[in-house]
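# attaching a predicted model along with its sequence, questions to come.
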Amino acid sequence: MTRGDPPDPRDATHAPDARELFLGFLRIAVSGFGGTLPFARREMVEQRKWLTAREFTDILAICQLMPGPNICNMSFCIGARFAGLPGVVASFVGLVTVPCIIGISLTWVYLTYGQFPAVSGMLRGISAGAVGLFIALGIKMAWVERRSPFMLIFAALAFVGAGLLGLPLVAVILGLAPFSILASWRWAK
Amino acid sequence: MTGRGSLTDVVVQFFLISFLAIGGANAVIPELHRMAVENHRWMTDTTFADLFAIAQVTPGPNVLLVTLIGWYVAGIPGAIGATLAMCVPAGAMAFAMSRVSHRFRDAPLRIAIQRGLSALTIGVVLASAWILMQASDVNWLCYAVTAVSVAGSLATRWHPLWWIGFGAALGAAGLL
């Protein structure tokens, strides 16, 4: 698709070029505190109309199924779809550059001034609060599946293996995946 | 910030770990911890928890923790190498998959695989929380902040940054 194509009147999506991809993923990155996906959906579906809601969900499903950070996978799929390899580079660089610069600067400040009690105390407080967000995220994900006992059982097994027992993640996933997939094949609605 | 480890080690380790990141970068936190603290001894538990805290307060993708570990171990080349090793092979695979998977969108086997892996993802998210809690909650007040944050995010629709800010304020005041 190029900019010269007539817009489809049913969903009126707009195909971005490499420059728009770069700026779009940059906006997603800098607004994404505590997870970028809600902001990605807002930017790409609601505000810029690059994708329909259905297309967004389909691409996200694949990116979650495949290994790798979800939003980085999305930058590859969406960049390639609209502008080929230059689109991939524009999307990915737009996504990671500014957060990396901010994060490394903050780490440098921490390593230089981290011995001050106020700074180390603040980081402890941030960690403690953020750990709570993780626990809540896990609980919310489990709550969605409350009617699928097999999913909760496999979630519990994965938690025991990777968390309580501290086993390598590859062993936990490769050991449990065949059974969890079999179970969902038999019992999923 | 150089000399804690070799760039090659960083790139190879993150390349391998990227294939375990099913469901997102948060899924590999237990593995990152094993690699950085236990196997290679690149950093202490406390440093790992602090880098996690910094990654949480920086806007952007969750993969930032990987960038910061890379930087801590092998400087700027480590940061770039870790980020690319984590994202590029996986991203290329996701793109290839997106082209084939479209044809099987409603196939029962595809749905079964996705549901089966999602179940494991839930457990791994909670395992990440467990490991981070061991690394970062050093006294009962830290556990109390974590508990408030869990309750707050389940019971309200407030922005998550409020709960992080609550912990930061108590910590900066010297209470934690």
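Structure received.

# and residue A:136, how far is that from residue A:130?
Distance, residue A:136 to residue A:130, by CB to CB, to the nearest Å: 11 Å. (Glycine included, C-beta is placed from N, CA and C.)

# actually residue A:81, sorry about that
Distance from residue A:81 to residue A:130, by CB to CB: 33 Å.

# what of residue B:168?
Taking CB to CB, one finds residue B:168 at 10 Å from residue A:130.

# likewise for residue B:131?
13 Å.

# quick check: closest non-adjacent residue to residue B:170.
Nearest residue to residue B:170, sequence neighbours excluded (CB to CB, 6 or more residues apart in numbering or on different chains): residue A:125, at 5.1 Å.

# how deep is that neighbour tucked in, by neighbour count?
Residue A:125: 27 surrounding residues under other CB atoms under 10 Å in any protein chain shown.

# what's near enough to touch it?
Counting by CB atoms under 8 Å, 6 or more residues apart in numbering or on different chains, residue A:125 touches B:142, B:145, B:166, B:167, B:168, B:169, B:170, B:171, B:172, B:176.

# can you pull the buried residues of whichever strand or helix holds residue A:122?
Here residue A:122, judged by DSSP states H and E, is contained in helix A:117-144. By 16 or more other CB atoms under 10 Å in any protein chain shown, the buried positions in helix A:117-144 come out as A:119-139, A:141-142.

# also stretch A:175-182?
A:176, A:177, A:180, A:181.

# on that earlier part again, for residue A:137, see how far away the residue nearest to residue B:170 is.
19 Å.

# contacts for stretch A:88-107, please.
Against stretch A:88-107 from outside (CB under 8 Å, 6+ apart): A:18-19, A:21-26, A:28-30, A:71-72, A:75-76, A:78-80, A:83, B:51, B:54-55, B:57-61, B:63-64, B:67-68, B:71-72, B:76, B:79, B:83, B:87, B:91, B:95.

# buried ones from those residues, can you make that a ChimeraX selection?
A single ChimeraX command selects the buried members of the contacts of stretch A:88-107 (16+ other CB under 10 Å):
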select /A:18,21,22,24,25,26,28,29,30,71,72,75,76,78,79,80,83 /B:51,54,55,57,58,59,60,61,63,64,67,68,71,72,79,83,87,91,95
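
# among the contacts of stretch A:88-107, which ones are in helices?
A:18-19, A:21-26, A:28-30, A:71-72, A:75-76, A:78-80, A:83, B:51, B:54-55, B:57, B:64, B:67-68, B:71-72, B:76, B:79, B:83, B:87, B:91, B:95 (DSSP state H).

# the one helix or strand in chain B whose mean pLDDT sits lowest near chain A anywhere?
Sorting the helices and strands of chain B by mean pLDDT, DSSP states H and E puts helix B:108-136 at the bottom, at a mean of 85. Yes - if you take CB under 8 Å from any CB of the partner chain as the test, helix B:108-136 does meet chain A, through B:108-109, B:111-133, B:135-136.
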